[in-house]
Every structure is written in C-alpha cells, then in structure tokens.
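**Q** got a predicted model here, sequence first, then my questions.
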There are 4 protein chains.
Amino acid sequence: MSVKKICVVITARPSYSRIKTALWAIQKHKDLQLQLVVAGSALLDRYGNAINFIEKDGFSIDEKVFMVLEGENKTAMAKTTGLGLMELSNVFYNLKPDAVITIADRFETIATSIAAAYQNIPLIHIQGGEVTGNIDEKVRHANTKLADVHLVASEDAKQRVIKMGEDPKTVFNTGCPSIDIAKMVLENPKLNFNPIEKYGGVGEIGDWKNGYIVVMQHPVTNEYNKAKDDILKTLHAAKELDIPTFWFWPNVDAGADGTSNGIRSFREIEKPKNIRFFKNMESDDFLKLLFNSKCLIGNSSVGIRECSFLGVPVVNIGTRQNRRLRGTNVIDVGYNKTHIKEAIQKQIETAKMEGEQIYGDGDSGKKIADVLARIDLKFHKTINY
Amino acid sequence: MSVKKICVVITARPSYSRIKTALWAIQKHKDLQLQLVVAGSALLDRYGNAINFIEKDGFSIDEKVFMVLEGENKTAMAKTTGLGLMELSNVFYNLKPDAVITIADRFETIATSIAAAYQNIPLIHIQGGEVTGNIDEKVRHANTKLADVHLVASEDAKQRVIKMGEDPKTVFNTGCPSIDIAKMVLENPKLNFNPIEKYGGVGEIGDWKNGYIVVMQHPVTNEYNKAKDDILKTLHAAKELDIPTFWFWPNVDAGADGTSNGIRSFREIEKPKNIRFFKNMESDDFLKLLFNSKCLIGNSSVGIRECSFLGVPVVNIGTRQNRRLRGTNVIDVGYNKTHIKEAIQKQIETAKMEGEQIYGDGDSGKKIADVLARIDLKFHKTINY
Amino acid sequence: MSVKKICVVITARPSYSRIKTALWAIQKHKDLQLQLVVAGSALLDRYGNAINFIEKDGFSIDEKVFMVLEGENKTAMAKTTGLGLMELSNVFYNLKPDAVITIADRFETIATSIAAAYQNIPLIHIQGGEVTGNIDEKVRHANTKLADVHLVASEDAKQRVIKMGEDPKTVFNTGCPSIDIAKMVLENPKLNFNPIEKYGGVGEIGDWKNGYIVVMQHPVTNEYNKAKDDILKTLHAAKELDIPTFWFWPNVDAGADGTSNGIRSFREIEKPKNIRFFKNMESDDFLKLLFNSKCLIGNSSVGIRECSFLGVPVVNIGTRQNRRLRGTNVIDVGYNKTHIKEAIQKQIETAKMEGEQIYGDGDSGKKIADVLARIDLKFHKTINY
Amino acid sequence: MSVKKICVVITARPSYSRIKTALWAIQKHKDLQLQLVVAGSALLDRYGNAINFIEKDGFSIDEKVFMVLEGENKTAMAKTTGLGLMELSNVFYNLKPDAVITIADRFETIATSIAAAYQNIPLIHIQGGEVTGNIDEKVRHANTKLADVHLVASEDAKQRVIKMGEDPKTVFNTGCPSIDIAKMVLENPKLNFNPIEKYGGVGEIGDWKNGYIVVMQHPVTNEYNKAKDDILKTLHAAKELDIPTFWFWPNVDAGADGTSNGIRSFREIEKPKNIRFFKNMESDDFLKLLFNSKCLIGNSSVGIRECSFLGVPVVNIGTRQNRRLRGTNVIDVGYNKTHIKEAIQKQIETAKMEGEQIYGDGDSGKKIADVLARIDLKFHKTINY
C-alpha cells in the first residue's frame, strides 16, 4: 500500500487548535503524508496570525492562500468564500492529494469542501454532526453532505450524521483533537509563564495573580448590527465586577468590525482599570490560563469543549453555541449585563469542577490518523435512504 | 403585506425548462415580484443559448453573469462555481431580494445557495430530496442543508428531505414545473412543425415522418475519461438500428468535450445516414417531438419526468439517473451497444403507454407561487433532531 | 446629439477629492449623464469611508464594488486589482457607458482602465503625465497607454503625455479639480468649525488654537518593510517639537499595516501630549485646517497641489512625490528625524506664502465637463510615432 | 553571483513559438534557472493545446493556471485577464522569481505584467515597441510602461521604446526568437513529412503536392461583429481559386466564435473540395509547410516575421498587422474577396524571394539569455523625461 497524501486546509486560528494533534499524528504515521495549506485569516495579523504558531510548531507549509476580502458586511464573507474556492481548486489540482480534510463549520470551510468534492478528491469532514445556532449550522451540515468520511467529536454527533443519511461505515467518533491538548495541559497545569511579559497586550489589569477571569466573545453573524451592542454588555459587566480580566479579540467574521469597534470605543471612553486585551496566545498557554482562572466568559467553543474536560466554569453568552452538547460546567445567559454579572459571580463561587469526557478522552489526533490510514478512500456516495 | 421580491437564478438550459411555469406564476402573482438572473452556460452559444428562449418567452432579465471557465477538467468546474459565488454575491447585494430560488442540483447551483445563505437571504430550493448517482447527489443535498424552504417534486422527495432533518413545515410537494409544460403539450400533442425547417440541425436523417427516435445523453461527471467511449456506444447502436434519429447535444459539464469530441469524430468517420444533430429546441416543441416519437434514449431527466407523464417509452443508459424515482416507462441499461439496441427495439414494440403523475399533476408553477406568497420567509434554522 | 453617459469609478477617499468638482460639472451639463461607481477602500470604514461623504454631497451611486483583499503584503494589492478588474468588467457591461473615467495612479485604477479598454469603451484618464517615485509611476503611465483621452493637470504633464506618443489632439490641460475646492476655500478661509468637536479623533493635542501643524504621511509601497520605521521618524519629530499636531491616518496600501502599527505602538508607548489622530475630514474642512496651519508635513500630494495654490508651507518627506512638479512652498527631506524637525522649524518661520497656479486656476471641473461634451469619443488609437 | 530564477508565463500557442529558443537558452545558461508557467488558452484543446508541444519539447512546467472564461463577448476577455491576475499573483508569490518575462501583446499578458510589477518583481517585456492596429496596441505599450527591461525584436522597436521614455540602458534589440526557428528550418527546408498523415485535419484538399497555399486568419478584436463576415471573404476567395489550401483555426479571442462559426457554416454549406482545416502544427513543421508553399494568406504575425526571413510571399488581410514593420514579401489587402484573390494570384506568380533580417539574424534566444544573465535586475524606474 502506498502512502496516502492527506491535505489539511487551515483557514483560522481556532481551527488550528482544533486540529493540531491530528497534524502531528498524520505527520508521524508511516502510511500518511501531510500536505498543509494555510489560508484566509490564519495568514493575517489582524486575526492573530496563526501561521506564526504553525511554523513555530515545526510544520512546513505547502501553500499559502490570501483570500479574505475586507468589508463590513456579509457580502464580503460570501465573496471571500468564492475566492477561496477558486484558489483552493488550483491548490488541490497542483498538490494532487489522496484526501482533503475540511474542519468544522466556519463559513469559508465550504470552499475547501467544494474544491475537493468537485475534483473527485475524497473529502474528510472533521467535527460534523453538532448543532449550533447561526450560519455555522448551515455550513456544517452542507459540509457533511459534501463529505465522504466523517470524523466526529462525540457520540451525539455521530448519531446525527448517520440520521442525515450518511453511511454508518463512514462515520467515526474520534473525539476532538482540542481535548488532546487539554489533556497534555492537565498533566502540568501550573501557570508557568507571565501572560503579560510573554504576550504583551494593552490596557491596565491590576493584580491578576490573586484570581482573574477570561473573556472571549465572537460576533454572531446573523445578528450583524447587534455586534457592537452585544459586546458592550459584556464589557460593562466585566468593568463593574472589577475582577482582573484577560480579554481576547475575536476572530474574523462579518461582524468583526462591529465587535472590534465596540471594544475600541469602550477602551477610549471608559478607560477600564481591570481589563487587558490580547490578540492571541499559544493554545497550551491559553488552556493553562483558563485552567487557573475563576471562569471563562463569552461564546467561544472552548468553553463548551476544552473547559468541560478541564472542569473550568463557563458563562456562555447568547446563541452562538445553541444546542451544542455541553457539560455541567456551563451557565447560559442572554445579552444582558445584569444576568452576565450574576452568572459570573455564581460561577466564581463554584469550586473547581470535575472534568467530563464528552468530546473525547485526549487521544483524538492519533485516532484520526489511524482511521485515515485504515479506510478505503472513495469520492462517490449516495444517501442511505 | 408588501410584495415579496423573488430572485431566480438560471444557469443552464435544462434548468429553465424546469422552472418556466413557476416564473410565469410568480410574475402574475399580485404579492410577488420576479427578479431574474441568467448566468453561466445559459448565456453561451455552445450550450444552447437558453437566454434567447427566455427573452422570447417575454421575461425581462435583471442581471447577466458570465462565469463559465473553459477547460477540459473538473478544476474548471470548481473554479466556475467559485467565480459564480463571487459574482452572485454582488448581484444579490444590489438586487436585495426577499428570497432567492436555487434550482435542483447542477454543480454551479451551490454558488447561488451560498451567496444567498451567507447574506442572510432566505433560500428556496426547488427539486431537492431526490436521489441520483454522481456529483449532483452531493450538490443537491448540500443545497438542501443551505436552504430554508424546500419545494420538492414528489412525495418520495418530501419524505427524504424531512428525514435529513429539515423542519416538515418548510417542505412542500409542489410537483415539478416541467410537468406543467408536458400537460399543456398533452392538450394539443400533434407535431405541428417541421423540426428540420424550424431548427436546422446537421446530418442526414432520412424519412423520419414514418417514425423516429430521440437521443439526449449527457456526460457523467465522475466518469470523465469514459465520456467519449460511452457516447460512442449509443452512436453505434443508433446507426446500426438505422431508424431516423433526432440527436441533441449535451449541456455544459466537465466531460462536455469528451462527449462532443466523440460525436464529432463519429460523424466525420462514420458518416451516418439516419442521425441528425440538434443543439437545442424550445421545450414545448421538444416535448411534442418526444410525444410523437417511438422512444427516448440517453440519460436525460426528461425521460424520468416528462416522459413518465406523457407515457413515452425510455431507454435510460448508465448511472446518471440512478435511484431517481421512475415510472413503468423506463428500461435501464448499461453502456453496452447490444443492450442499448435490444432495449430500444423492445420499447418500440411497446405501444404508447398510460401517463403517470409521480412528479406532479401539471399545476406545479402555480403551487410554487402560492407557497412563496403564503409562507413566512426566514433565514435561520437548526436541524430538527 | 444624444446625451453621453460618463462613468466615473472612485476607489479611494483621496481620489474623490481629486474629482468632486468634475462630478458636479458632469451632473449639471445638459449633454452629459453621470454614472457613479464607488469601489475598493472608498467603501471601507478602516480607510475613511469616502462613500459617506459622496452620499452627503448628494451624488447617487449606481454600483458599489467590494474588492479589497486583506493582507499585509503586495500580493493582496495585486489580487485586489484582479478582483476589481473582474467586477468592473461586469459593471461596465451592465451600465453600458459611453466613456469611463479612471483617476490618476493608485494601483487599482488600472483595473478600471483595462475593464473599459478591453470592452471597447473610450477611456478618459485624469491626471496622467506626472512623475513620481514608486509603483504609482508604472500605473500612471500604463493608464496613459490604455486611455484614449488625457485630461492632465499641468502644462508639464501635457507635454510628457504627448512625448509618450499620444495624439496631441487627445490631450487637454484642464488643471486639477482639487484646486477648484482650494479656490472655494480661499474665498472664505476662516476655520469656522472646531475640528475636535466635529471630527472627534483620539489623543491629547493641547492648545492648538494658537498655532498647529498637520501631518499626513502614507506608506511608500516599494519600501514596504520600512513603513513602520519611516513613520516613527515623523512621529518622534512631531513629539519632540511639541507643537499641537493634527495627524491623519494613511489610506489603504500594502504598507498600511506597517504604518498603522507604527502609529498604534507609538501612541501606546510614548503617550504623546501634542498629537491628535484623525481618520478623515471633509475635503473643504481639511483645506481650511491646512490654510490656517503653520505647515503640512508628510508625503501627501495635497502638499504639492492644493498647498501650492493656497500658499501653505510644506515639509515633504521621502520619495513618494519624487519629481512631481512643485511650487516654492515645498522643502524636501529624507526619513531623518533631525532633518524633519529642522525643516518644520524653517517652514514655521516662513510667513504665509503667495499661492501659485501650476495645477490650475480653480475652474478645472467645468473644463473637464466641457471637454467631455465636446470631443468625439473613440476607443481605437495607435502610437503617434 | 547566485543563479537568477527567470519565470516565463506562456498563455497561448503563438506565444510559445515566439519564445521557445529563449526558453532553451535560459535553461542551458549556467547563471539562469527557468521557471515555466503555462496558462490560459495554452492549456485548452480548443486552441491547439500548446502544453502538449511544450511537454514534448522537454520542458518541465512549474504551474498550470486555468483562467479562460467562456463567452462570446469582450466582457469575457476582460474577466479572463482579471482572473489571470489573481492567479498569477499567487503563482509569483509562491515561486519567488528574480524576474518575470511577459511576452508581446495578447490581452492577457498584462495580467502577468501587473502581477509581477505590483509584487516588486523585475519585469522583462519581450517584443515591445512595435505598432499594430487594435487592442494589442494598447496592451503592448502598457506592458512597456509596467516593464523594467525591454527585449525588442527590431531596431525600429528599440527606438520607439526609448522615445516612450524608457531608459536606453534597459532596452535591448535581441531580435525575435521565432526567427531562430526559421533559421533552423532554412538549414533543412524540405517538407519531410506528410501534413495529413501527421496532423489529420478535416476536409478534402485534392493533390496538394504540386503546389498549395496556407491560410491563418485571426479575428480582430475591436471589429467583433464583423468576424464572421471577414472570414467568409477569405473562405470564398480560397474556394474560388481552387488551389489546394491548408487552413489553420484561429487562437482564442473575443471573436473566436464568430470566426469559428463562419468556418463551420461555410464547410457545411459550401462543401469545399480544396480546403483542409487544421487545429495546430508543431512550429518547425509549420515553417516547412510555409517555406514550400506558394503563399501565406491571412493576418498572422508569422507572415510579417518568419515569412520575411524565409522569403515566403504573404497576402496580409485587414488591420491586424497595421503599421507593423514589414518586408518586401507582403501585399496588404482589405476584407474584399476580389482583392484577396488578385493578391494571391500576384504572389503566386512571384518567384521565391530573398529573405530579410529585419526581426533578427536567428540567434535571438541566446542573446536574450545573455542579457538576462548580464544585467542588474531592478523593479523601480521613473520616466526618462
């Protein structure tokens, strides 16, 4: 049997965290060869420059694809996807992979899916079958219908993919690779670095060493005009609680500028004394920061996945993670300053929780590589009913 | 209640036949306003120039979008889709429709779907829920997962869309508008024109007035290299049977040049005396030609849909219509000259058959307009399980 | 004679100032009809949102084109141009103008030129024939070679265009429309608004009413890596001089992020007490601000054009305006903090200067409209030697 | 001194003939490394599939770029150029050449020029400075203004480039590489193959061994609607003369379908007995065919260049080669059947002519490589006056 060339397309910082241990495992597997494409916001300074982390982690990159259109509206999002589809078609034509991996449900991931499917390249979809509450929902399930193999992160997701008509023999619950990193962190969870010295950031934070919270809140695409309002609720809640706060900028989305403008104007006007803003952090450092925090606030999927495994209390705001399978560590609230504050206080009172394994046991990367090496790759399917 | 602007995107000649009566009904409905976009191969002479028929039928066109990339491979198909997505994003941004209609399952229809979905425009998918055997299968179901409303053509399709997790309240069996035209033809089925005088065509055909057959065979995308071989089987079968034959060129697809080259080289070498080749025909003329024929051969969906309603015997070749719901008028064969000849002879012996109504009763266009006027348009959904 | 449809494409804030009075004159002319396309960074908040000013000035916009790719490198600049070319081709196809106007020499203006020239639409180039020192130089002269009519801003430019082989009968010295606005300002030059109250801005500035300077410095494309260094020289010079300073952010360019990052990090670290940063200002307000200032610093073409007419002293830094025809109001210096400081001090000591008319007498907009109405539009030319 | 990477972009069959010996010389030169990009119609079967010849000649191809949009109008031409610009920007970003070569004046060559110039890659323009009569004229001179080095094919062209303001130190008369092949052919000019056996072709030709003519006539872009009419004049002239005729299909252009349709309908209706149609021929075979012919008819630049060197009589039709420097072997006529017939008869009566060296002495490839190796590559220039 010859070595299979597996092409992975990373289009954003959070996608990299979700796939890193699988990349390692693919690279190490004797029957697999990794082809790595870095595209979209993963190349851009404004969105955390994931490519720096990728290169620092020792991966070599086969192709870089600039495809993000500037703009403050959803049209730019659609056009970015079209441009990505054109570019990735070329990339796959030249790299000639045996299979392509598309990750989860960001809007531009469907460009990867179509570029592979239309060129008869077997498509592997990672982390399908979950349920959320916005455009991601449409993208994720469309990716499922374009994909030939499904590597899902939970039993719940597996059953859903099968229900959608996929052949059960093509659906594998490998868990989520992000849990692998959480597991590594759990083996040595001490905060062995100073976040401010290592990552800079801007803004005053006060004495965070006696306890702090972390915020990561992304815009919700189909409520575009509310992006600025929404973020201000959380900003004011954090300011009023007056607990040292590490705040992370959102990734690229149609609402990015609404959210970002909200943050910028808040800083200018309110001059908070307890919030320091960061663009980015290496994922294991970020998990250590979370593990040692009192609580994570926002709408990041990290709160649903890694934090359930780590036992970190989470205040999940709004609809972005709607219906996604969650552990007992999560309290859900709406965009309401008072509710956000109350939920944070309640979570802070909770002692550190027991971790749960609903998104895997920490060996997902290796499982993914093993499935890829073992299965017969096809690009032809019909619905199962 | 204000008038709803319904934007329909037509990207190919066959899609126009599948939607024409719905366009009329939308245009006539007092609560609806039609926005018509003609794109892709529907603008191109090589593929039958559907736009001429559209204008002749009296529709005014809001935007024309050139998006077809030349090329003999699947990469061009993927890039065409990417380009279409970029262009249609603009078009919808400027037209600001209340809903967008995407038709069936051609590869470029997903560009329409994404351009609408990503801009939070409610997406109506026509003719989802069916089952076939190639890339169309992936496209059709991905369109379903991107769409908010599903206007399907059969009860079978309705149940399948619901099974895929769509809310039953958003799925309507309106039948297929192509059956509406077939019904109109049945009211006056006489061949009241001379196809050669009206449409030209090239090649000798002999005395067709005493009985003839019709061929329409498209390339099958994921068997690209076989396209030329496949078409030659049918060409030789038609020549050997020596029955007057009306042969229609295929529409645009990655394999188009394989099939077209096959036809061209066959004509040059074999100089058949009983086959005349046509680029295109108005859809009601075409149906009359079919109704008065002894048999339709090939892999067109017309054989499955209109011919079942009209009671025309069909020899369906190969995998293109695999698993699509069919009537008793169809005999399926593989790419085998002998089998094709035998099936044609058997169908010719069959007397004219009784029509069946599996794809609608001939009032689909009106039903579609009525649903569009009645329903509440949303662009947000979550899977039903 | 029928009315001529004149399509003007505005892709950036500074281009708008350069054409505004011509737009007015075209709109008013009985033999002309204005078609206005706003594209590129003119639509983006990050670059001053020129579209707001355009709408406020009462123009109606025929098409908006999103085309700016994000990225910190020159590849994004090239791809933006390609995307613009694709989009503008459509726009012209649909608007069917009798002539297209492309403005000056920004990188994306060549997209307008090609989209028109390749579709056999007569192309009018405004402000060709000048000389500068970077990529603009190549773009400007390539625009000249694609254009059919040349409306230049100085006698010097006229002679240069003719020398390049253009037919003298197609070259007209109409002056620069930006001078028209300067002339209007001269009629009422008092600073009749408070810039901070009207435009906000960020940063402390101190008591500016007793005298201030203005800075506007853009990145120089082909010295990309130096963008941050370059801007820091000027920032430190301004801080050390400790004169109240109105500082304007640069427009979009490959180096934008280098320059912008330089400004942001300087503010964070140095916390200057005499510099306030502005994104944008209406052009006549900006000219009043300049007229009442002690000096303009940077590399903006405003220093070369409007300031020569207004008699405002200018310190021009670096190569961006190299070889552009200039008046006696300009002192040129390199990227050197000491030289910049010395030049500013020297200019401040200079009393207000006499204005010069090297770029027109303030009636350029009307002259442009008159030429357009008068000339015979062709799209076919051959070099004159 | 390190080896210079020279990237050559070939977008069409005729461009390959114009550069082939330079490719060889670059490949062989110890100080140069060839990077070869094949794009556009050079990849397409419909336009002669130049890539087959390139591979057969032993070149390895670094990137293939599909960029040709289908369409029967000039909009497709403009969009093809935009798409090419986007794609080639990526290609150069990834290949990191030390210089890029753009060839002559086809519409899509400006995509190569911009992609290089905007990324600060020194641009070499081959065969600038000539004069013709359509859109090529604008493209060629715009390429000159974007280029840093000019390798022209005649002394006349050299003087014109310098007059346009280019630094004389960057302009080199290397002659045209197509003459190198003509020189090789002259060393062994016998028609040592049977064109019909080797290349097939379609149509009857009769006994060509006793004398024949050759036709190659391309559509003229800015007279799009006349393409079909124009070609019919030549077709009828060739039929009436009743001399065995080798006819070559045109390359891709906006009018390609007009011309192609003209040829197809002529064949169907007129059934000529003395014209055989060919898609393509290897360039040295083609030159042998020309050398042994009585006359070349049409508007190909081969008639102007190679035929002047070979001493083959030429009837040049229409405006396409207007003002291009020509030898005594050319008679110019308009689109007029009678004039075309008379000119052909006159040329046939002329005995074989003496060759002229106006486009080089047959050593151009080597001269080009030597200049590339010797010069200092820069990407920054200003006009010389």
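**A** It's in.
**Q** what about the helices in the stretch 1-150 of chain A?
**A** According to DSSP state H, counting those that start in this stretch, the stretch 1-150 of chain A carries its helices in the segments A:13-17, A:20-28, A:50-56, A:74-95, A:109-117, A:135-146.
**Q** closest to chain C out of these?
**A** Proximity to chain C (Cβ to the nearest Cβ) singles out helix A:74-95 among the helices of the stretch 1-150 of chain A, at 5.5 Å. Placement of C-beta: from N, CA and C, glycine included.
**Q** deepest of the helices of the stretch 1-150 of chain A, which one?
**A** helix A:109-117 (a mean of 29; mean count of other Cβ atoms under 10 Å in any protein chain shown).
**Q** before we move on, the earlier item: want to throw the helices of the stretch 1-150 of chain A into JSON lines with distance to D:Asp361 and mean pLDDT?
**A** Below are the helices of the stretch 1-150 of chain A laid out as JSON lines (distance: least, Cβ to Cβ, whole Å; pLDDT from 0 to 100):
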{"stretch": "helix A:13-17", "distance to D:Asp361": "59", "mean pLDDT": "87"}
{"stretch": "helix A:20-28", "distance to D:Asp361": "56", "mean pLDDT": "97"}
{"stretch": "helix A:50-56", "distance to D:Asp361": "51", "mean pLDDT": "92"}
{"stretch": "helix A:74-95", "distance to D:Asp361": "40", "mean pLDDT": "94"}
{"stretch": "helix A:109-117", "distance to D:Asp361": "49", "mean pLDDT": "98"}
{"stretch": "helix A:135-146", "distance to D:Asp361": "59", "mean pLDDT": "95"}
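**Q** export those to CSV and tack on distance to chain B?
**A** Formatted as CSV, the helices of the stretch 1-150 of chain A follow (distance: least, Cβ to the nearest Cβ, whole Å):
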stretch, distance to chain B
helix A:13-17, 18
helix A:20-28, 24
helix A:50-56, 22
helix A:74-95, 3
helix A:109-117, 5
helix A:135-146, 4
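**Q** out of these, which comes closest to B:Gln35?
**A** helix A:74-95 (16.8 Å; Cβ to Cβ).
**Q** may I have that closest one as CSV, with CA atoms only?
**A** This file holds the C-alpha atoms of helix A:74-95, laid out as CSV (Å, rounded to 0.1, in the frame of the first residue of the first chain):
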residue,chain,number,x,y,z
LYS,A,74,-21.9,39.7,4.8
THR,A,75,-21.2,40.2,1.1
ALA,A,76,-17.5,40.2,1.8
MET,A,77,-18.0,36.9,3.6
ALA,A,78,-19.7,35.3,0.6
LYS,A,79,-17.1,36.7,-1.8
THR,A,80,-14.2,35.5,0.4
THR,A,81,-15.7,32.0,0.1
GLY,A,82,-15.9,32.3,-3.6
LEU,A,83,-12.4,33.5,-3.9
GLY,A,84,-11.2,30.7,-1.6
LEU,A,85,-13.0,28.2,-3.8
MET,A,86,-11.2,29.4,-6.9
GLU,A,87,-7.8,29.4,-5.2
LEU,A,88,-8.2,26.1,-3.4
SER,A,89,-9.3,24.4,-6.7
ASN,A,90,-5.9,25.3,-8.1
VAL,A,91,-4.1,24.2,-4.9
PHE,A,92,-5.6,20.8,-5.0
TYR,A,93,-5.1,20.5,-8.7
ASN,A,94,-1.4,21.0,-8.1
LEU,A,95,-0.9,19.1,-4.9
